[in-house]
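Q: Quick one: sequence and predicted model below, then my questions.
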Amino acid sequence: MSKKGKVLVAMSGGIDSTVVALMLHHEGYEVVGITMKTWDYAQSGGSKKETGCCNVDSFNDARMAAVQHGFPHFILDIREEFGDFVVNDFVEEYLAGRTPNPCVLCNTHIKWRALLKRADALGCEFIATGHYAKIRQYENGRYVISKAVDPTKDQSYVLWGLQQDLLSRTILPLGGYHKTEIRQMAVDYGYPELAKKSESYEICFVPDNDYRGFLKRRVDGLEERVNGGYFIDKEGNILGKHKGYPFYTIGQRKGLDIALGKPAFVTEINPATNTVTLGDEDDLDKNEMLVGKLNMIKYEAVTPGMEAVTKIRYKDSGTLCNLYPENGHMRVSFYQNAKGIAPGQSAVFYEGDDVIGGGIIQLGKMV
């Protein structure tokens, strides 16, 4: 039995998770590799072949690394759990006029829970992944997620939903490294091909990156049901017809197929009336928002008015704000306007590099 302990490592077959498994193995942990199959690409109906973490090549790459280094590897089929929860939520959110973030939902509600369940069954004290973020125990006893040292790879934003029981048993070895260092480690471990392997940033169950086509194939008669709704301006004046409210997102400018003589942006979506409001770029600016489905990480609760920096999308640099807890929600009051707040997306609150907590944006403006 290893003095370091036994760890279940989620191995996608890519460079990051493979290096994590080998790193922990060489550090003296008893490593068990596991690769999760989340989706059958044939179900998506898209034109693109399997990519990312759910294809046979990735399974083989993960298994080969485990075999070569003498630790066990398993394939875990979670297609039913994933499809019922993540994909259905993805569809339902778009039909509700919101913009979902399925990767956050998958990480926090499916993958980590599935990993912890199998870790317990296999006698593993820890689980580990190839995410770029840090976890430590704070002075108040709570486990805290912090930003990675590589700002171009930091993934703390997508991990806000992890609860304390998950964080207490999670190891994230890559948080203290830059991507260039991980590529060199792959070479040093004898896997130069991994250092050159391309990375996919698409939604795994929409391999052709066409979410509109996915919705049409997934929901019978959707196109006919929502076609012919109206674009309107903020005063309610009709500007023209659109192809259906689920096929637009807040902040969208391209692909509107309407000529107004000036750039137009989607500023609001109303599924009840099948209307899409268009406006100027300034109309996307909001100074407040309401966030629900909260998961608090660094603190169990925050003092009303606490200063923080809030990110409203993965690549957002963040906006200084005050946080006000209200009836299970968080009202976020920005010092400067935030642009393109989209209901359904994640809002993550930071104190320095630490994640205070996060939730799902309910409203892009207070009503």
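A: Now that the structure is in, tell me what you want to look at.

Q: Give me the contacts around stretch 19-29.
A: Identification of contacts with stretch 19-29 by CB atoms under 8 Å, 6 or more residues apart in numbering yields 2-7, 9, 11, 31, 33, 65-66, 69, 71, 126, 128-130, 171, 173-174, 182, 185-186, 189, 194. For every residue, glycine as well, the C-beta is placed using N, CA and C.

Q: how about a cut-off of 6 Å?
A: Stretch 19-29 has contacts (CB atoms under 6 Å, 6 or more residues apart in numbering) with 2, 4, 7, 9, 11, 31, 33, 69, 71, 128, 130, 173, 182, 185-186, 189.

Q: ranges for the helices of this structure?
A: With DSSP state H as the criterion, the chain has helices at 15-27, 56-69, 79-82, 88-95, 102-105, 112-121, 164-167, 179-188, 192-196, 211-218, 222-226.

Q: Using PDB, write out every CA atom in the fifth one.
A: If I follow you right, that is helix 102-105. Extracted in PDB, the C-alpha atoms of helix 102-105 (Å, rounded to 0.1, in the frame of the first residue of the first chain):
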ATOM      1  CA  PRO A 102     -23.100  22.000 -20.200                       C
ATOM      2  CA  CYS A 103     -19.400  21.600 -19.300                       C
ATOM      3  CA  VAL A 104     -20.000  23.100 -15.800                       C
ATOM      4  CA  LEU A 105     -23.000  20.900 -15.300                       C
END
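
Q: From the contact counts, what lies against that helix?
A: For helix 102-105, there is no helix or strand it packs on, judged by 3 or more CB pairs under 6 Å, 6 or more residues apart in numbering; DSSP states H and E.

Q: Go again with 10 Å.
A: Helix 102-105 is packed against helix 88-95, strand 346-351, strand 354-363, with contacts defined by 3 or more CB pairs under 10 Å, 6 or more residues apart in numbering; DSSP states H and E.

Q: any idea how far the first one is from the chain center?
A: Here helix 88-95 is found 15 Å from its chain centre; the criterion is CA atoms, centre = their mean, to the nearest Å.

Q: and what of the longest one?
A: How far strand 354-363 lies from its chain's middle: 13 Å, per CA atoms, centre = their mean.

Q: And that strand, what does it pack against?
A: helix 102-105, strand 133-137, strand 143-147, strand 285-296, strand 306-311, strand 329-339, strand 346-351.

Q: Report the mean per-residue pLDDT for it.
A: Mean pLDDT, strand 354-363: 95.

Q: The shortest one too?
A: Summarised as a single mean, pLDDT over strand 346-351 is 97.

Q: likewise stretch 197-217?
A: 81.

Q: unless I'm mixing things up, residue 156 is touching residue 350, no?
A: Yes: at 8.1 Å, residue 156 counts as touching residue 350 under the criterion of CB atoms under 10 Å.

Q: Pick out whichever of those two has more residues nearby.
A: Neighbour tally, residue 156 and residue 350, criterion other CB atoms under 10 Å: the higher count belongs to residue 156, 26 against 22.

Q: circling back to that earlier point, which residues are common contacts for residue 156 and residue 350?
A: 145, 146, 147, 311, 358 (CB atoms under 10 Å, 6 or more residues apart in numbering).

Q: how far away is the last one from residue 171?
A: I take that to be residue 358. 21 Å (CB to CB, to the nearest Å).

Q: Compare neighbour counts for the two and give me the winner.
A: Set residue 358 next to residue 171 and count neighbours by other CB under 10 Å: residue 358 wins out with 29 against 18.
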